[in-house]
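S.K.: got a structure for you, letters missing:
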């Protein structure tokens, strides 16, 4: 916007209204420029105003994760988990993802079982659910770690992005059984 100083006016308040939204943002700067006019002498050419952010990030993690001891390729299993916000700020809506893995790290070789939606969580709040998931039919016979990852899409700004994965039980996967 434009603000015009009248003759003899040495200063003027410029209102800046920050928008308080759910996004966690760092401090922001507002640059104020001053242009010369025929009726005053230009002393300073501008100013920088820093708006200090009071946003506090959330920190989502899976605190409990249980599943079956055994499963079959192509079969449905029920997985129970609790996702918690242990951060100082309210989280936005997110999703927790579930995997079967041959190790305790989520990577491209893991079998994605699916996700469940997690609502916005205030600090200290938890959300628990039982999710019915399908074991992929192309999974090999063997033992797999059941893993869950809070904020699986990485959509929530968090104070700690490295604590989102939880290991649950080891699931023994057998072959797909067909009744004839």
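M.R.: Sure thing, it's come through. Everything quoted here is computed from the prediction, not taken from an experiment. Numbering: from 1, shown residues only.
S.K.: per-residue pLDDT, the nearest residue to residue 111 once chain neighbours are set aside?
M.R.: Using C-beta to C-beta, 6 or more residues apart in numbering and skipping residues adjacent in sequence, the residue nearest residue 111 is residue 100, 4.4 Å away. (Each C-beta comes from the backbone N, C-alpha and C, glycine too.) Looking at residue 100, its pLDDT is 98.
S.K.: nearest the middle, which residue of the protein would you pick?
M.R.: Residue closest to the mean C-alpha point of the chain, counted by C-alpha atoms, centre = their mean, is residue 156 at 2.0 Å.
S.K.: can you pull the contacts of that residue?
M.R.: Neighbour list for residue 156: 58, 60, 91, 92, 94 [criterion: C-beta atoms under 8 Å, 6 or more residues apart in numbering].
S.K.: quick one, phi psi at it?
M.R.: Phi and psi for residue 156, reported as degrees, to the nearest 10, are phi -100, psi 130.
S.K.: can you name the element that comes right after the helix or strand of the chain with the lowest mean pLDDT?
M.R.: Lowest on mean pLDDT, DSSP states H and E among the helices and strands of the chain sits strand 46-51, with a mean of 64. The first helix or strand that comes after strand 46-51 along the chain, using DSSP states H and E, is strand 60-66.
S.K.: for that next one, buried residues please.
M.R.: 60, 61, 62, 65 (16 or more other C-beta atoms under 10 Å).
S.K.: greatest separation within those residues: which pair is it?
M.R.: 60 and 65 (13.7 Å; C-beta to C-beta).
S.K.: in what helix or strand does residue 4 lie?
M.R.: Per DSSP H and E, there is no helix or strand for residue 4.
S.K.: how far away is it from residue 12?
M.R.: Distance, residue 4 to residue 12, by C-beta to C-beta, to the nearest Å: 9 Å.
S.K.: strands of this protein, start to end?
M.R.: For the chain, the strands defined by DSSP state E cover 28-33, 46-51, 60-66, 70-72, 76-85, 94-101, 111-118, 126-134, 142-149, 165-174.
S.K.: point out the most buried one among the ones you listed.
M.R.: strand 94-101 (a mean of 22; mean count of other C-beta atoms under 10 Å).
S.K.: what does that strand contact?
M.R.: 60, 62, 79, 81, 83, 106-107, 109-118, 131, 133, 135, 139, 144-153, 155-156, 171, 173.
S.K.: go again using 6 Å as the cut-off
M.R.: For strand 94-101, contacts defined as C-beta atoms under 6 Å, 6 or more residues apart in numbering pick out 79, 83, 106, 110-113, 115-118, 133, 144-145, 147-152, 156.
S.K.: and it with strand 76-85, angle?
M.R.: Between the axis of strand 94-101 and that of strand 76-85 there is an angle of 130 degrees, by axes from the mean of the first three to the mean of the last three C-alpha atoms, to 10 degrees.
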